[in-house]
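**Student:** Quick one: sequence plus predicted model below, questions after.
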Amino acid sequence: MRSNGRTARRLRKLAWRFSQPDWADNHGIMLPVKHTQVSPGIAREIYLGDYEAKEIEIISRRLAVDDIVFEVGAGLGFLSAYCAKRTGGERVFAYEANPELIPLIRETHARNGVAPTLINALLAKGEGEREFHLEDDFWASSAHRTGGRAITVKQLDLNSELARIKPGFLIVDIEGGEAEFFAGAELATVNKICVETHPDVLGDRVLSEMFAGLVAKGFALDFSLIRKNVFFFHRAA
């Protein structure tokens with residue numbers, strides 16, 4: 001029986017009805033299931049292997065062992081843990097604006113035996129502070145969505161961080177902040193980008209302009225790896 005086959009999935013769904021573990025394997029990474037920051041819906045996705053499935057499919061195919069990874073919007077620490085397993089923690093840098101997620105991300109990293117660099121900050125033009133909105137489902141928290149509980153978070157200058165780290169692979173999931181991010185980003189060292197887009201926040205025109213901007217900077221869209229709202233760009237030869 002294949003681990004990701006239809007029968008295995010049915011069995012996992014059945015098991016979920018009777019028992020929920022504290023942690024569950026999601027594509028080789030142990031993630032928290034029972035935690036105050038993890039809603040029942042996200043917990044079920046983790047248990048069934050659906051959590052960030054589109055991103056992990058792209059990253060697993062395009063990540064090289066010598067990539068320097070720069071993740072913006074670390075969430076639970078899943079993708080940074082996955083990348084660190086492949087490249088080593090010293091080559092992975094994860095940024096998360098939500099301060100309430102930082103202890104859980106560190107726990108995820110420790111549980112998986114990795115130690116990527118984790119920075120609690122929002123990235124944009126200039127240094128200072130920025131209003132950030134927290135939602136009950138952490139993945140919806142954003143500086144670009146209204147509603148939720150407003151807090152003030154630290155902002156670091158995006159291009160200063162890019163210049164300091166010199167990443168080759170960007171992973172960006174910032175709930176509607178992607179257009180602002182790429183409009184001002186200096187991507188001299190970057191050759192791979194995995195980005196989740198949010199058309200419900202930005203609309204088709206803004207995202208089309210963002211795509212055009214990336215193409216103008218020398219990137220090409222990988223049409224073989226379009227996964228709904230998640231896209232992979234690479235430097236055109």
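**Tutor:** Structure's in. What do you need? Numbers count the residues shown, from 1 in each chain.
**Student:** in the chain, which spans are strands?
**Tutor:** Assigned by DSSP state E, the chain shows strands spanning 23-26, 29-32, 69-72, 92-96, 117-120, 122-124, 128-134, 149-157, 169-172, 192-196, 219-221, 230-235.
**Student:** Dump the ones you listed into TSV; add mean neighbour count, mean pLDDT and distance to Ala53 as well.
**Tutor:** (Glycine included, C-beta is placed from N, CA and C.) TSV is the format used below for these (neighbours: other CB atoms under 10 Å; pLDDT from 0 to 100; distance: least, CB to CB, whole Å):
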stretch	mean neighbour count	mean pLDDT	distance to Ala53
strand 23-26	19	92	9
strand 29-32	23	96	12
strand 69-72	25	98	17
strand 92-96	25	97	19
strand 117-120	17	98	23
strand 122-124	23	94	25
strand 128-134	15	87	25
strand 149-157	15	91	28
strand 169-172	22	98	15
strand 192-196	24	98	12
strand 219-221	17	97	20
strand 230-235	20	97	9
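**Student:** how about JSON lines for those strands, with distance to Ala179 added?
**Tutor:** JSON lines is the format used below for the strands of the chain (distance: least, CB to CB, whole Å):
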{"stretch": "strand 23-26", "distance to Ala179": "29"}
{"stretch": "strand 29-32", "distance to Ala179": "29"}
{"stretch": "strand 69-72", "distance to Ala179": "13"}
{"stretch": "strand 92-96", "distance to Ala179": "17"}
{"stretch": "strand 117-120", "distance to Ala179": "22"}
{"stretch": "strand 122-124", "distance to Ala179": "12"}
{"stretch": "strand 128-134", "distance to Ala179": "16"}
{"stretch": "strand 149-157", "distance to Ala179": "17"}
{"stretch": "strand 169-172", "distance to Ala179": "11"}
{"stretch": "strand 192-196", "distance to Ala179": "10"}
{"stretch": "strand 219-221", "distance to Ala179": "15"}
{"stretch": "strand 230-235", "distance to Ala179": "13"}
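**Student:** Show me the one of those that comes nearest Gly213.
**Tutor:** strand 219-221 (9.1 Å; CB to CB).
**Student:** For the closest one, name the packing helices and strands.
**Tutor:** helix 199-216, strand 230-235 (3 or more CB pairs under 8 Å, 6 or more residues apart in numbering; DSSP states H and E).
**Student:** Of these, flag the one that's most buried.
**Tutor:** Comparing those on average neighbours per residue, with mean count of other CB atoms under 10 Å, the densest one is strand 230-235 at a mean of 20.
**Student:** Show me how the protein divides into domains.
**Tutor:** 1-51, 52-235 (automatic domain parsing).
**Student:** worst average pLDDT in the ones you listed?
**Tutor:** If the domains of the chain are sorted by mean pLDDT, domain 1-51 sits at the bottom with a mean of 81.
**Student:** Tell me the spacing between Glu161 and Val92.
**Tutor:** Distance of Glu161 to Val92, computed by CB to CB, to the nearest Å: 14 Å.
**Student:** Please disregard the earlier target; I meant Asn191.
**Tutor:** For Asn191, the distance to Val92 (CB to CB) stands at 16 Å.
**Student:** repeat for Asp222
**Tutor:** Using CB to CB, Asp222 is found at 22 Å from Val92.
**Student:** residues near Lys13, how many?
**Tutor:** For Lys13, the count of nearby residues is 12 (other CB atoms under 10 Å).
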